[in-house]
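Student: Below: sequence and its predicted model.
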Amino acid sequence: MTVTARWRQRPPGSNWGEFGPDDQLGMLNTLTPEKVRAGVAEVREGRAFCLSLPLDHPTQNVLNQRRHPPRLRPTIRNDLPNYNFALGDLTPGLTDVVCDDAALIHLQYSTQWDSLAHVGSMFDADEDGVAEKVFYNGYRADEHIRGPEDSAAPGDGEVPSCSADALGIENLAVSCVQGRAVLVDLRHHFGDTKKVVGAKDLLAVMAADGVVVEPGDMLCIHTGFAALILESSGKDRAAQEFLNEACCALDGRDPALLEWISQSGIAALIADNYAVESLPARPGSSSCASLPLHEHCLFKRGIPLGELWHLSPLAVWLRAHRRNRFLLTAPPLRLPGAVGSPTTPVATV
């Protein structure tokens, strides 16, 4: 095992160092030109599907109270809102009418990517008996993933700053996130009732539908959850509470599922539900992750997670045409230092 400046031991079941001591892409390294060509080979009809929800959906913060819908505001020109602004009011004779806006956006509110800096773990990477806040490939909190600065402490009127100087979402953007994807249709088999799906159920569905996942594929899990979000659009918060008890989600506590994810060699794991995995997770040991699948994928294996993708129209089309593979193009925003990002993925069949 390679010893690096950042770590002397790696978590059990992890792949730290296998793509190099300074790697920040994880399993996206397996999205090779060959996998891109394999994705392109799945394009037969030339039809494209938008896999993003409108970024103001869900319309309430029922799924996560800390995340809120985007807010649009005009930019300012000469102390006036620069929206429906007639330039002739500044320079007589000009005929232009300008709209220019800004957005306050929670980066993981709607259809999103989680970067490898989104979830780490308390881990003793130095073999000295002291657990620290560590992220994929041994990158450390405060050193590589910088939290709020002391100079911007709460109460001083400033907004604390933060930045993932390693493992940020811009790494996904530069990699382009394009290649072959494979869809597993849990909704077709289990409906919209809440169900925690482990390896046994997942593999049974794949066998029934003839789904084969190969190393370097991006795996998409269709549960129907995003479709229910659209159907409940505009309803009040109480009317959307049912979302917390709807649809399938993967069982992050199932060791057989986590082992299958490792052995499959997938480049990314994507779902149309809130967190890919079931939340809250089933009870674990006295010392364990509350997000076990996030810990396994982001912290140990370097597998980025896609959440709240709108997969239902694509899933219906694929089933009608007896297919489950397609070309996926899904870069996030190239926003340096961010740990997550909206995305507008495109599936081409």
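Tutor: Everything's here; your move.

Student: switch to C-alpha atoms for all contacts and neighbour counts from now on
Tutor: Will do.

Student: In the stretch 51-200 of the chain, where is pLDDT below threshold?
Tutor: Scanning the stretch 51-200 of the chain for pLDDT under 70 picks out the ranges 149-159.

Student: And the strands in it?
Tutor: With DSSP state E, counting those that start in this stretch, the ranges of strands along the stretch 51-200 of the chain come out as 71-74, 76-77, 80-81, 85-86, 97-98, 101-104, 112-114, 121-123, 132-134, 145-146, 163-164, 178-185, 195-197.

Student: now the one helix or strand Leu202 maps to and strand 178-185, what's the angle there?
Tutor: If you go by DSSP states H and E, Leu202 is part of helix 199-209. With axes from the mean of the first three to the mean of the last three Cα atoms, to 10 degrees as the basis, helix 199-209 and strand 178-185 are set at 100 degrees to each other.

Student: In this structure Leu167 contacts Asp114, no?
Tutor: No: using Cα atoms under 8 Å, Leu167 makes no contact with Asp114, being 10.5 Å away.

Student: So for the two, which residues contact both of them?
Tutor: Residues touching both Leu167 and Asp114 by Cα atoms under 8 Å, 6 or more residues apart in numbering: Val339.

Student: thinking again about what came up before, so which elements touch the following helix or strand past the helix holding Leu202?
Tutor: Beyond helix 199-209 in the direction of the C-terminus, DSSP H and E gives the next helix or strand as strand 218-222. Contacts defined by 3 or more Cα pairs under 8 Å, 6 or more residues apart in numbering; DSSP states H and E place strand 218-222 against strand 178-185, helix 186-190, strand 268-271.

Student: and Ala131, which of the ones you listed is closest to it?
Tutor: Closest approach to Ala131 among the helices and strands packed on strand 218-222 (Cα to Cα): strand 268-271, 27.9 Å.

Student: Quick check: the gap between Gln263 and Pro280.
Tutor: Gln263 sits 25 Å away from Pro280, going by Cα to Cα, to the nearest Å.

Student: Quick check: bridge partners of the nearest residue to Ile270 once chain neighbours are set aside?
Tutor: Leaving out its chain neighbours, the residue that sits closest to Ile270 by Cα to Cα, 6 or more residues apart in numbering is Gly306, at 4.2 Å. Beta-bridge pairing for Gly306 (DSSP bridges): Trp113, Ile270.

Student: doesn't Ala271 make contact with Gly306?
Tutor: Yes: with contact defined as Cα under 8 Å, Gly306 reaches Ala271; the gap is 6.1 Å.

Student: give me every residue that touches Ser341.
Tutor: Neighbours of Ser341 in contact, by Cα under 8 Å, 6+ apart: Leu107, Gln108, Gln112, Trp113, Asp114, Ile169, Pro332, Leu333, Leu335.

Student: Show the buried residues in the residues you listed.
Tutor: Neighbour counting with 16 or more other Cα atoms under 10 Å marks Leu107, Gln108, Gln112, Trp113, Asp114, Ile169, Pro332, Leu333 as buried within the contacts of Ser341.

Student: OK, contacts around the third one?
Tutor: In this case it means Gln112. With Cα under 8 Å, 6+ apart, Gln112 has these contacts: Gly306, Glu307, Leu308, Trp309, Pro332, Gly340, Ser341, Pro342, Thr343.

Student: now with 7 Å?
Tutor: Counting by Cα atoms under 7 Å, 6 or more residues apart in numbering, Gln112 makes contact with Gly306, Glu307, Leu308, Gly340, Ser341, Pro342, Thr343.

Student: Can you tell me the closest non-neighbouring residue to it?
Tutor: Counting by Cα to Cα, 6+ apart, Gln112 lies nearest to Pro342, which is 4.3 Å off, once chain neighbours are set aside.

Student: That neighbour falls within a helix, correct?
Tutor: No: read with DSSP: H, G, I helix; E, B strand; the rest coil, Pro342 is strand and lies in no helix.

Student: burial measure for it, as a count.
Tutor: Residues lying near Pro342 (other Cα atoms under 10 Å) number 23.

Student: now Ala38
Tutor: With other Cα under 10 Å as criterion, Ala38 counts 18.

Student: swap in Gly93?
Tutor: By other Cα under 10 Å, neighbour count at Gly93 equals 9.

Student: and what of the one 10 residues further on?
Tutor: Burial of Ala103 is recorded as 11 neighbouring residues (other Cα under 10 Å).

Student: mind listing the helices for the stretch 1-150 of the chain?
Tutor: Assigned by DSSP state H, counting those that start in this stretch, the stretch 1-150 of the chain shows helices spanning 33-40.

Student: repeat for the stretch 201-349 of the chain
Tutor: Applying DSSP H, counting those that start in this stretch to the stretch 201-349 of the chain gives helices spanning 225-231, 237-240, 255-264, 292-294, 312-320.

Student: out of those helices, nearest to Asp201?
Tutor: helix 255-264 (9.8 Å).

Student: rewinding a little: angle of the helix holding Leu202 against helix 312-320?
Tutor: 50 degrees.

Student: No further queries at this time; thank you.
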